[in-house]
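In: Got a predicted structure here, sequence first:
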Amino acid sequence: MGHLDHATFGWLTPVLSYVMACIGAALGLRCTVRALGATGRSRRNWLVTAASAIGTGIWTMHFVAMLGFGVSGTDIRYDVPLTIVSLLVAMLVVCGGVFAVGYSKDRTRALFLGGLTTGLGVASMHYLGMAAVRLHGHVSYDPALVALSVLIAVVAATAALWAGLNIKSPIAVTVASLIMGAAVTSMHYTAMFAVRVQVVPSGRVLPGATAMQFIFPLAVGLGSYLFLTSAFVALSPTSGEREASASAQRPVEPAVG
């Protein structure tokens, strides 16, 4: 049995992964709030931005945390196509959940189905990412911890969608994003504690890319996307601000006396 280290860089990767999850959650919530106050193409665009932000935040959190993952007695590589598929899965399932809530007339039903679908999708993203791991040995999982990680993912996804529907103020969004970031990060590490590795020493070269060759540049790129999109959303006027500006610019009718 190989010794698993989930924080080879100390607290750096757990803290940074939590920060990325919080940023994605906060940005997704703000975009959802904007979407619910918009109509037509504008609503669709805000929902797409919300889904990409949450999905990107979750995926980046996962693989930033994976930068600190190590197993004694073996190197670790990542299958590049399968890792990219895990990113697409994260974005697509979150998009489905966000659109279900954003357009459904029965919000309660949409929240339940959207939370279930999105949570299962997030869990699928995680385990697809783990399936992309290449090492000298065999990977197995503790079934109870796997089930717990899936449950946490569903609860976290449902809470995120509920927050998008019900939380409006910036302070409340900040608090909600901190809680959601903690929930998503907890799901990741619960799933990682379920991992068991039986190392089989071998001299053959492992296929795939190292974390620093592939995961690190991609995580930096997606992290930059989150920061730039956050700046765009922060500087973009809300519907209320646009209406106030339009009212201020409207010419005043002269009084008839």
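Out: It's in.
In: can you give me the helices in the stretch 51-200 of the chain?
Out: With DSSP state H, counting those that start in this stretch, the ranges of helices along the stretch 51-200 of the chain come out as 80-103, 107-131, 143-166, 170-193.
In: Sketch out the low-pLDDT regions of this structure for me.
Out: 1-2, 234-257 (pLDDT under 70).
In: quick one on the thing from earlier: export the helices of the stretch 51-200 of the chain to JSON lines and append columns for distance to Leu47.
Out: Where C-beta positions appear, they are placed from N, C-alpha and C, glycine not excepted. As requested, those are exported to JSON lines (distance: least, C-beta to C-beta, whole Å):
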{"stretch": "helix 80-103", "distance to Leu47": "5"}
{"stretch": "helix 107-131", "distance to Leu47": "12"}
{"stretch": "helix 143-166", "distance to Leu47": "10"}
{"stretch": "helix 170-193", "distance to Leu47": "16"}
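In: Rebuild those as JSON lines, extending it with mean neighbour count.
Out: Listed next are these as JSON lines, based on neighbours: other C-beta atoms under 10 Å:
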{"stretch": "helix 80-103", "mean neighbour count": "20"}
{"stretch": "helix 107-131", "mean neighbour count": "20"}
{"stretch": "helix 143-166", "mean neighbour count": "20"}
{"stretch": "helix 170-193", "mean neighbour count": "19"}
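In: For Pro14, which of the ones you listed is the nearest?
Out: Nearest to Pro14 among these is helix 170-193 (7.4 Å), distances taken as C-beta to C-beta.
In: What is that closest one packed up against?
Out: helix 12-36, helix 40-66, helix 107-131, helix 143-166 (3 or more C-beta pairs under 8 Å, 6 or more residues apart in numbering; DSSP states H and E).
In: Would you reformat those as a markdown table and include distance to Ala182?
Out: Below are the helices and strands packed on helix 170-193 laid out as a markdown table (distance: least, C-beta to C-beta, whole Å):
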| stretch | distance to Ala182 |
| --- | --- |
| helix 12-36 | 7 |
| helix 40-66 | 11 |
| helix 107-131 | 15 |
| helix 143-166 | 9 |
